[in-house]
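Participant: here is my input; please provide its structure:
(2 chains)
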Amino acid sequence: MAHSAGVCGIVLAFAALLSLGVVASADEGPIKIGQYGAFSGKEASFGTAAHKGVILAFDEANAAGGVLGRKLELVAEDNQSKAGESATIAKKFVSRDKVVAVLGGNVSVNSLEAAPILQNAKIPMVAISSTNPRVTEMGSYIFRVCFIDPFQGAVLAKFALATLHAKRAAILTSVSNPYSVGISKVFREKFTVGGGEITIEQKHSEGDKDFRAQLTAIKAAGVDCIFHSSNYTEGALICIQARQLGLNVPIFGGDAWEAPQLIEIGGAAVEGTYYSTHASPDSTAPEMQNFIKKFRARWNGETPDSIAALGYDAAQLVFDALRRAGTTESAKLREAIATTKDFSGATGRITIDKDRNATKSAVILTVKDGKFAYVETVNP
Amino acid sequence: MSEFLQQLLNGLSLGAIYALIALGYTMVYGVLRFINFAHSDVFMVGAFIGYYIGQKVPQNTIGGGLVVLLGAMLGCALLGMLIERLCYRPLRGAATLNVLITAIGVSLLLEYSGQVFFGATPRTFPSVFPSTNFAFGDLVISSNQVVVIVVTALLMVGLQLIVYRTKIGTAMRAVSLNPKAAQLVGVNNDVVISFTFGLGSALAGAGGILYALNYPSIDPLMGVMPGLKAFVAAVLGGIGNIPGAALGGLLLGTVETFVNGSQWSTYKDAIAFAILIIILLFRPAGLLGKVSVEKV
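Facilitator: Numbers count the residues shown, from 1 in each chain, chains lettered A, B, ... in the order given. Here you go, the predicted model:
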């Protein structure tokens, strides 16, 4: 018995070796595409939302027979919101999984870790919601489907001046987060150019939970709005502590505030706060409404946020490029992604510009009665 | 001026939490002469016990809040005694370094099992105590901050009474002074040490609840930073000394808050630790600690 099992094992191993050889030489078997992101940890909302959008796109494409006559296989890896993990995952994608393209990440600092490795291996990467300009500057194989921070910072400055009629603003930056530092810088410039004054600037570190000291200093400085440029976990705590200190001016953030946890943790304290983001589920565009319908059917009636929509768009954009390239060969696939023009996605029309960024409009949302509500759209 | 007073209030309420955790470190050190690094993770488990009990009790009531607080203290006391029984007792009599490394191991075990059982995603802590804000002119303090300061003060006084006014407290001090001699005069060392761990862990549990009330986003690694700060606070005040732990905690919280509110906020931890080093240079045993000569 033992003997025959051994023989069986050897035969199987041979078969496996042979089939590997076949896959490597001919275009058969599924096309592998990687996705990395924070599926757990303090940035989990971004990664899980994007992942759900990506899975939906894969399910749809496979139900329609795949791409280039082959099925698509998603290889997803969780970076646990930890520094360094995204680089490890990128290396795995290159050497073990041999993916043809990579989707992600969400948080800019993750994309900055993975991008150089994928650039070296010449595997196209499409960042989902990484808005820091440096991400696509990493090389010719790195793209994104979202707008960049200089635009987002300008949108927020314009919003604070025109809609909130703010004259004196406070900025609260997370010094260990390049996204936060970048967007604060642009906001400072644009708000000042627009005639406003940055009365006080305060800093905190990633993972901090007590902001009363900074908020007390802000309160003493006397401002009429507060811009917090880091993530929703800190954002929610900042709103709670600001309201406790009797600091009742409007508080607003960037797209890193977009997560259901903002309302869950912040409760009544986040009512009337604002943030800028990529798209709103309240949008009447047929592409968005169609996406929401499909997303709800796939994920038990859950309403997607804009990060989920971006994940879906990033996957669709890669599928579209694969179809146009007609091959999984990396240089041709890169060329096809780079020449994407007026691609119709859930978050709007996507055209990849010469710097490999997407030119898109931004929307401002607010929290009203415990729900996110649409305020306005700002075009580039 | 009002800004200064407000920052002082902020600092005291932050410091009170450090003090509460520091009490647990200092008590175990006082009796066993070893740093229980798993203490800050028992603190985390306390917050999670509160999270689960908090779903079952009526929200925003003092009764419900007390049930959560006592439940977490009890759960943590049991956990602390279990850790002592399984991990530290078999090493009794072994070199201090072995026990220290075991403590670090237990700490990592709790953190990462926490990620398995509770998930790594931050949870929202329910608002179990009713909360309002009290304003005195420009000064504002939330009821949660008041609760933290009052509970810490009460627990500190209670602890001082237990250690200096009760039989078990006398036994604790006896074990601390000389375990062998204590055993000779009829003290059951195992019971005393188990009790010490239970008491210290109950304080950690209370700390976890109070911390989560003030910062209602909890995750399995939430204990790491406050635990480190509390350890520093305990050393600053003179490790093994109960009022010292409280003083160290309040001092550290206040310094951190003032630095945070200034333009040097990026250096807040650096400045807090620099102060620690300076104090230890001049008072090696900490602010209230006594220099003891090692008996050979």
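Participant: any weak-confidence spans in the chain?
Facilitator: The chain I'm using is chain A. A:1-27, A:380 (pLDDT under 70).
Participant: that's the wrong chain, I meant chain B
Facilitator: B:291-296.
Participant: mind naming the longest helix for it?
Facilitator: helix B:2-32 (DSSP state H).
Participant: packing partners of that helix?
Facilitator: helix A:212-221, helix B:39-54, strand B:139-142, helix B:143-165, helix B:167-177, helix B:189-214, helix B:224-237, helix B:242-260 (3 or more CB pairs under 8 Å, 6 or more residues apart in numbering or on different chains; DSSP states H and E). Backbone N, C-alpha and C define where each C-beta goes, glycine included.
Participant: next, the angle from the fifth one to helix B:143-165.
Facilitator: Counting by axes from the mean of the first three to the mean of the last three CA atoms, to 10 degrees, helix B:167-177 lies at 80 degrees to helix B:143-165.
Participant: residues contacting helix B:167-177, please?
Facilitator: B:30-33, B:161-164, B:181-182, B:185, B:187, B:189, B:192-193, B:195-196, B:240 (CB atoms under 8 Å, 6 or more residues apart in numbering or on different chains).
Participant: what's near enough to touch A:Met288?
Facilitator: Taking CB under 8 Å, 6+ apart, we find A:Met288 in contact with A:Ala279, A:Ser280, A:Pro281, A:Ala309, A:Ala346, A:Thr347.
Participant: from these, which land in helices?
Facilitator: Within those, residues falling in helices by DSSP H are A:Ala309.
Participant: among the contacts of A:Met288, which one sits closest to B:Gly15?
Facilitator: The closest of the contacts of A:Met288 to B:Gly15 turns out to be A:Ser280 (CB to CB; 43.0 Å).
Participant: was I right about that closest one contacting A:Ser361?
Facilitator: No. Using CB atoms under 8 Å, A:Ser280 is not in contact with A:Ser361, being 10.9 Å away.
Participant: out of these two, which sits in the busier spot?
Facilitator: Between A:Ser280 and A:Ser361, A:Ser280 has the larger neighbour count (other CB atoms under 10 Å in any protein chain shown), namely 23 against 16.
Participant: ok, A:Glu376 to A:Ser283 distance?
Facilitator: The gap separating A:Glu376 from A:Ser283 is 12 Å, by CB to CB, to the nearest Å.
Participant: so can I have CSV of the helices and strands packed on helix B:2-32 showing mean neighbour count and distance to B:Leu66?
Facilitator: Formatted as CSV, the helices and strands packed on helix B:2-32 follow (neighbours: other CB atoms under 10 Å in any protein chain shown; distance: least, CB to CB, whole Å):
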stretch, mean neighbour count, distance to B:Leu66
helix A:212-221, 24, 25
helix B:39-54, 26, 11
strand B:139-142, 19, 18
helix B:143-165, 17, 11
helix B:167-177, 17, 24
helix B:189-214, 26, 10
helix B:224-237, 25, 23
helix B:242-260, 25, 23
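Participant: can you redo those as JSON lines with distance to A:Ile200?
Facilitator: Putting these into JSON lines (distance: least, CB to CB, whole Å) gives the following:
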{"stretch": "helix A:212-221", "distance to A:Ile200": "4"}
{"stretch": "helix B:39-54", "distance to A:Ile200": "33"}
{"stretch": "strand B:139-142", "distance to A:Ile200": "18"}
{"stretch": "helix B:143-165", "distance to A:Ile200": "23"}
{"stretch": "helix B:167-177", "distance to A:Ile200": "50"}
{"stretch": "helix B:189-214", "distance to A:Ile200": "24"}
{"stretch": "helix B:224-237", "distance to A:Ile200": "25"}
{"stretch": "helix B:242-260", "distance to A:Ile200": "13"}
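Participant: between these, which one is nearest to A:Ile292?
Facilitator: helix B:39-54 (31.9 Å).
Participant: between the closest one and helix B:2-32, how big is the angle?
Facilitator: 110 degrees.
Participant: which helices and strands does helix B:39-54 pack with?
Facilitator: Looks like helix B:39-54 contacts helix B:2-32, helix B:62-83, helix B:96-117, helix B:189-214, strand B:217-218, helix B:224-237 (3+ CB pairs under 8 Å, 6+ apart).
Participant: in JSON lines, list these along with distance to A:Ile31.
Facilitator: As requested, the helices and strands packed on helix B:39-54 are exported to JSON lines (distance: least, CB to CB, whole Å):
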{"stretch": "helix B:2-32", "distance to A:Ile31": "52"}
{"stretch": "helix B:62-83", "distance to A:Ile31": "49"}
{"stretch": "helix B:96-117", "distance to A:Ile31": "33"}
{"stretch": "helix B:189-214", "distance to A:Ile31": "46"}
{"stretch": "strand B:217-218", "distance to A:Ile31": "40"}
{"stretch": "helix B:224-237", "distance to A:Ile31": "42"}
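Participant: among those, which is nearest A:Gln289?
Facilitator: When those are ranked by proximity to A:Gln289 (CB to CB), strand B:217-218 comes first, at 33.2 Å.
Participant: so which elements touch the closest one?
Facilitator: Short answer (3+ CB pairs under 8 Å, 6+ apart): strand B:217-218 packs on helix A:232-244, helix B:39-54, strand B:123-124.
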